[in-house]
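Asker: pasting a predicted model and its sequence here:
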Amino acid sequence: MERLERTFTVVNSLGLHARPAAMVVQTANKFRSDVQFEKDGLQINAKSIMGVLTLAAAKGSAVVVVCEGQDAAAAMAAIAKVFESGFGER
Amino acid sequence: MASTTLQGLPASPGIAVGRCWTVDRRRVRTPRRKVAVEEVEAELHRLESAIELSVQQLDGVRAKVQGAEGAEHLAIIEVHRAMLRDPSLVDEARRLVREERVNVEWAVKRAIRKIKGAFDPDDEFFRERRSDVDYVGERIVKNLLGQGVDVVETPPPGSIVVARDLSPADTALLFHDRKVAGLVTDAGGITSHTAIVARALEIPAVVGAGKASASVERGDWVVVDGGRGVVVVNPSAGERADYEAARIRQMEREAELARLKDLPAETVDGVRLRMVGNIEFGEEVPGLLSHGGEGVGLYRTEFLFMGREDLPTEEDHYRDYRAILEAMDGRPVTVRTFDLGGDKLPSGQKDHSENPALGLRAVRYCLRHPELFHAQLRAAVRAAAHGNLRLMFPMVSGVAEVRAAKWMLAEAFEEVVAQGIPARMPPVGVMVELPSAAVVADRLAQEVDFLSIGTNDLIQYTIGVDRQNKDVAYLYKPLHLAVLRMLKSITDAARAAGKSVSMCGEMAGEPLYTLVLLGLGLDELSMNGPSIPLVKRVIRSASAREGRELLDRILGLNTADDIERMVRSEMTRRFPGLLEGAASVGPVSG
């Protein structure tokens, strides 16, 4: 079992609002690994849109992503892409 | 039948007159009962089927609206779809059925309530998400009970849809073909999904209209005045004709203003002005361009600090500036360095001084915090390599400050170049917003490439009045003789030095003042995008000469009231209908 941890910054100006949240959850659900997000001491399951929404991560906030499982590396790479693209927004 | 007028919230501007089409959206009543041990599996199976059906329904909605005006709807439907399968909903509902032996409808309702508990009801973002969760829960419960969920009938073209509330799925189904003329809901706020979609599709809409749905029947005549938030049910024949005429006038006016988009802001005697926009975020660029903006006259960078906990880095600035420059595609973008201090400080800090408006703010703050300023200046010279960037310093009080700021800019530029990073030295300007700067504008003009007049602060500092203070706000007069003399000395100084001069305060976007501004000889007017067409229309039908004549005449008067009266009567004479037109086309300035 592999456990990976990386920190990402939310770069789009509207933050992790509803549409990006749906995008994150869709991506996380493609993998078997557990994907957890952590921000300000709040830890949530990134496969749950309700969870991702409760983070309410504004622009500039740092989100710690933890992927754990056999395909953790692939999951982390996919999540990284989503964050780095600013969820396809500016 | 007597007409009834209801007041709601103006969700999407425009007037619509049509027959009412009611959409029944009663809340579902969730039954509650205990289930026996042997029923548990069957209940869980029902949950599975109801979720499956719900997913299929949303897929159906998605397929119907795809392609058309899809984007606005699809995003939220995607969110609902993700919610249907969310473990915090499904696992919790299953647990309740298994452990508490409640029927699955009730279990879903409880799980939904628990999820909503995590969303702060006082936060606008979470308020919307709470209603999303409600719609999703309601869909599952209705499917469990075998009730219809989505609207199935299509309203006849030109209908006014009236409903207690509309789910995003309803909104998508009703509006995607754009045949609905108007919309009224009892519930909702102007930031609700329904309101956002109505604005995006330019359908006149009033939300939060109280008991609208209970006061109408299908087929009744209804008037929606989305700009004012007014709904008239069963209007008299006269009222209907009046609104119909108003609707046509408005459409004509909009069409005329739209035609102006690509025409230059040039007076009949050949004086050409540049019409540019004030922006805070990159997202405003498409709107600005759609109104015919020829550039950005004021990009307020301090908004990069808002809504975040850390300080923006050089990369943050660089990315934002570059994105805006690229979106503006070679058009000039005037970046104003941080106007921080006073009421605007990085999060967590507060200015406790006696008089923050006269305190450590804007360029003063930047010169005191060189590390912060340095990062911004580095980002600006780097971004300047990718487009037409101009830089301006706010709240400059005299020559010494401009020199200090320019020295820091040169230092940042040399440092970036020494590192082998692409960069360009941008044209530099100052904002003239302090009376001291206005008085020495001739000397400032020698130091910089352009001047930009910030009228909001200039008026406040010149008259010594805080417009937020309601006891003295009446003294805030853009046409005060002192303000006019000050404006004239700034524009004269710029002209004498051969430098361009623009205006970026609210005064620039108010058509009442356009003729006076023409008289002053400004080169550029910067305002909110929606104000551009109307101001441009005045410029295109006026001459700079008549502007100068009007300016000469008002400079001979004594009181602000006399001056305003003369300007108003001249504008009414020259442009009949313009000033009232401004009010109904939308906010003129902000």
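Answerer: Looks like it came in fine.
Asker: name all residues that make contact with the closest residue to residue B:9 other than its chain neighbours.
Answerer: Take residue B:9 and drop its neighbours on the chain: the residue closest to it by C-beta to C-beta, 6 or more residues apart in numbering or on different chains is residue B:208, 4.2 Å away. Heads up, the C-betas are built off the backbone N, CA and C, glycines and all. Residues near residue B:208 by C-beta atoms under 8 Å, 6 or more residues apart in numbering or on different chains: B:8-9, B:185-190.
Asker: same check on residue B:280?
Answerer: B:299-300, B:303.
Asker: ok so, going back, look up how far residue B:160 lies from the residue nearest to residue B:9.
Answerer: 16 Å (C-beta to C-beta, to the nearest Å).
Asker: ok, residue B:463 next?
Answerer: 48 Å.
Asker: more neighbours, those two?
Answerer: Comparing residue B:463 with residue B:160 by other C-beta atoms under 10 Å in any protein chain shown, the one with more neighbours is residue B:160, at 29 against 19.
Asker: longest helix anywhere in chain B?
Answerer: helix B:40-65 (DSSP state H).
Asker: oops, could you answer that again for chain A instead?
Answerer: Longest helix of chain A, by residue count under DSSP H: helix A:72-84.
Asker: okay, buried residues for it please.
Answerer: Using 16 or more other C-beta atoms under 10 Å in any protein chain shown as the test for burial, helix A:72-84 gives A:72, A:75-76, A:78-79, A:82-83.
Asker: distance of the residue nearest to residue B:9 from residue B:86?
Answerer: To residue B:86, residue B:208 is 29 Å away according to C-beta to C-beta.
Asker: same thing with residue B:451?
Answerer: Counting by C-beta to C-beta - residue B:451 and residue B:86 are separated by 56 Å.
Asker: which of these two has more neighbours?
Answerer: residue B:451 (27 against 23).
Asker: if I look at that one, how far off is chain A?
Answerer: Separation of residue B:451 from chain A (C-beta to the nearest C-beta, to the nearest Å): 30 Å.
Asker: over to residue B:321?
Answerer: Where chain A is concerned, residue B:321 sits at a distance of 12 Å (C-beta to the nearest C-beta).
Asker: quick one: low-confidence ranges for the stretch 201-350 of chain B?
Answerer: The model of the stretch 201-350 of chain B has pLDDT under 70 over residues B:305-310, B:342-350.
Asker: list phi and psi for the residue of chain A found nearest chain B.
Answerer: Closest residue of chain A to chain B, C-beta to the nearest C-beta: residue A:60 (3.1 Å). Main-chain dihedrals, residue A:60, degrees, to the nearest 10: phi 90, psi -10.
Asker: how many other residues sit next to the residue lying closest to residue B:159 once chain neighbours are set aside?
Answerer: Nearest residue to residue B:159 in three dimensions, chain neighbours excluded: residue B:21, at 3.9 Å (C-beta to C-beta, 6+ apart). Residues lying near residue B:21 (other C-beta under 10 Å) number 26.
Asker: low-scoring stretches of chain B, by residue?
Answerer: B:1, B:67-73, B:305-310, B:342-352, B:580-590.
Asker: near chain A, which residues of it?
Answerer: B:75-76, B:78-79, B:81-83, B:86-89, B:115, B:118-119, B:123, B:125-126, B:128-129, B:132-133, B:281-283, B:307-310, B:312, B:316, B:319, B:323 (C-beta under 8 Å from any C-beta of the partner chain).
Asker: at 7 Å what do you get?
Answerer: B:75-76, B:78-79, B:82-83, B:86-89, B:115, B:118-119, B:125, B:129, B:281-283, B:307-310, B:323 (C-beta under 7 Å from any C-beta of the partner chain).
Asker: so what does residue B:321 look like in phi/psi?
Answerer: Dihedral pair for residue B:321: phi -60, psi -40, per degrees, to the nearest 10.
Asker: which residue packs closest to it, ignoring adjacent ones?
Answerer: In space, residue B:321 is closest to residue B:383, 3.7 Å off (C-beta to C-beta, 6+ apart).
Asker: correct me, but residue B:234 touches residue B:220?
Answerer: Yes. Between residue B:234 and residue B:220 there is a contact under C-beta atoms under 7 Å: 5.6 Å.
Asker: which SS class is residue B:16?
Answerer: Under DSSP: H, G, I helix; E, B strand; the rest coil, residue B:16 falls in the strand class.
Asker: what's the distance between the residue lying closest to it once chain neighbours are set aside and chain A?
Answerer: With sequence-adjacent residues excluded and distances taken as C-beta to C-beta, 6+ apart, residue B:16 is closest to residue B:182, at 3.1 Å. Distance, residue B:182 to chain A, by C-beta to the nearest C-beta: 26 Å.
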